[in-house]
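>>> quick one: sequence and predicted model below, then my questions.
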Amino acid sequence: MTRSSRVKRWLLPALAFKAVVIGGGYATGRELVEFFLPSGPLGGVLGMLLATALWSAICALTFLTARSVAATDYGSFFKRLLGPAAPLFDVVYLALVTIVLSVAAAAAGEIAHASLGWPPIAGTLLLMSGVALVTGRGNASVESLFKYVAIFLYGVYAVFVILVVLHAGDRIADAFTTAPAVGGDWVLGGLTYAGYNVIAAIAILPVTRHFQGRRDAVIAGLLCGPLAMLPALLFFVCMVAWYPSIASATLPSDYVLSRIDAPAFRAVFQAMIFLALLETGAGLVHAANERIAGLAARRGATVTSKQRTALSLALLVFAVFVAAHLGLVALIASGYRFLALLVIAVFVVPLVTRGVWLVVESSRRE
């Protein structure tokens, strides 16, 4: 097995999962504040570890099920998982893409305004253009984005942790030492956070075409949880240095960066967040494009690069309209909880029931 093969079969799915999760999961830090900080520093860490375990388990089962039914797009996957009820997932996915892209668009606007003084719409339009450009070129372009941005992202987070620990390491230790008793909220926070983000396992099905066996599906799935959550966990630990005041910040990432006195790195970090938002938007929109391409193929038609770009822009424009009317904080506080319930009902419950049966039946045939 070559190094290139292992990267595509084991690491690429995990990096793709991280790419789709990060923009709507923790790029700005607002999601971590919403779902984990109310449980306190220690409770927040426990909630994140719970979400990590759930991600790994569900991703591994999703990949095994997809391999069992030979599905590399979510349309084919849900046709076998839900049968006649498969169109329900199209509705859920449209709702998810709209809300997550709305969050990404609102965050891009906030970042452009906070770091460059631009009007928010400028950052939003820049993000839209990037997503449309990447997704218009198909699988190879999206996979390259996942791989190369990951290197930059992990490096930036490593430097971020070092700078915060040097500047406020004693505050982090104090926050954990004096933290209130852990309550039951961390379980609900972990379940909700895992619930709406786990849909990324479906969005990245196109990259599972590199799998050559069940072993690849299991290894890749198990890697998804830790590789996606590690930056978030480090970010959260850094954030608690300013607990509880950071809870009211619209952009917790910028709140922290403004307090460690590193203006040059602040610009680098904001650029990383923008690329993370680009990854998420590209992953979600690409999955929708692949779904439409699959429908077209059944009729003997082909979706061109220009058509992919146009479809991407249509989704993005709709999401920006939603973002402009609701705002970043409201989208995260209300929209994500609603999404978590939908995803659990339409995806997770069928996966752990009929999905397991499909995997068992496939293994018997082999």
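Cool, the structure landed.
>>> which neighbouring elements make contact with the longest helix anywhere in the chain?
If you go by DSSP state H, the chain has its longest helix at helix 139-177. Under the contact criterion of 3 or more C-beta pairs under 8 Å, 6 or more residues apart in numbering; DSSP states H and E, helix 139-177 touches helix 12-25, helix 40-68, helix 120-136, helix 214-239, helix 263-298. In this view, the C-beta of every residue, glycine as well, is placed from N, C-alpha and C.
>>> now those as TSV including distance to Ile344, mean neighbour count and mean pLDDT?
Output for the helices and strands packed on helix 139-177, formatted as TSV (distance: least, C-beta to C-beta, whole Å; neighbours: other C-beta atoms under 10 Å; pLDDT from 0 to 100):
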stretch	distance to Ile344	mean neighbour count	mean pLDDT
helix 12-25	16	29	88
helix 40-68	10	23	96
helix 120-136	27	21	90
helix 214-239	17	22	96
helix 263-298	19	21	89
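>>> Pro252 is nearest to which of the ones you listed?
Nearest of the helices and strands packed on helix 139-177 to Pro252, taken as C-beta to C-beta: helix 214-239 at 5.8 Å.
>>> can you name every helix or strand that the closest one contacts?
The elements that helix 214-239 packs onto, with contact taken as 3+ C-beta pairs under 8 Å, 6+ apart, are helix 12-25, helix 30-35, helix 40-68, helix 139-177, helix 200-203, helix 252-257.
>>> Thr177: which of the helices and strands packed on helix 139-177 is closest?
helix 40-68 (9.2 Å).
>>> which strands or helices does the closest one pack on?
Applying 3+ C-beta pairs under 8 Å, 6+ apart, one finds that helix 40-68 makes contact with helix 12-25, helix 74-82, helix 139-177, helix 185-197, helix 200-203, helix 214-239, helix 356-365.
>>> now the helices and strands packed on helix 139-177 in CSV, with distance to Val349?
CSV is the format used below for the helices and strands packed on helix 139-177 (distance: least, C-beta to C-beta, whole Å):
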stretch, distance to Val349
helix 12-25, 20
helix 40-68, 11
helix 120-136, 30
helix 214-239, 18
helix 263-298, 21
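>>> looking at these, which is closest to Leu251?
Closest to Leu251 of those, according to C-beta to C-beta: helix 263-298, at 8.9 Å.
>>> between helix 74-82 and that closest one, find me the angle.
Our comparison of helix 263-298 with helix 74-82, counting by axes from the mean of the first three to the mean of the last three C-alpha atoms, to 10 degrees, yields an angle of 70 degrees.
>>> pull the CA atoms of the next helix-or-strand element following helix 263-298 into CSV?
As assigned by DSSP states H and E, the chain's next helix or strand after helix 263-298 is helix 305-326. Extracted in CSV, the C-alpha atoms of helix 305-326 (Å, rounded to 0.1, in the frame of the first residue of the first chain):
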residue,chain,number,x,y,z
SER,A,305,-18.7,23.0,-14.9
LYS,A,306,-20.7,26.1,-15.7
GLN,A,307,-23.9,24.5,-14.4
ARG,A,308,-22.2,23.4,-11.2
THR,A,309,-21.0,26.9,-10.6
ALA,A,310,-24.5,28.3,-11.3
LEU,A,311,-26.0,25.8,-8.9
SER,A,312,-23.5,26.7,-6.2
LEU,A,313,-24.2,30.4,-6.6
ALA,A,314,-28.0,29.8,-6.3
LEU,A,315,-27.6,28.0,-3.0
LEU,A,316,-25.2,30.6,-1.7
VAL,A,317,-27.4,33.6,-2.6
PHE,A,318,-30.3,32.0,-0.8
ALA,A,319,-28.2,31.3,2.3
VAL,A,320,-26.9,34.9,2.3
PHE,A,321,-30.5,36.1,2.2
VAL,A,322,-31.2,34.1,5.3
ALA,A,323,-28.0,35.2,7.1
ALA,A,324,-28.8,38.9,6.4
HIS,A,325,-32.2,38.5,8.1
LEU,A,326,-31.3,36.4,11.1
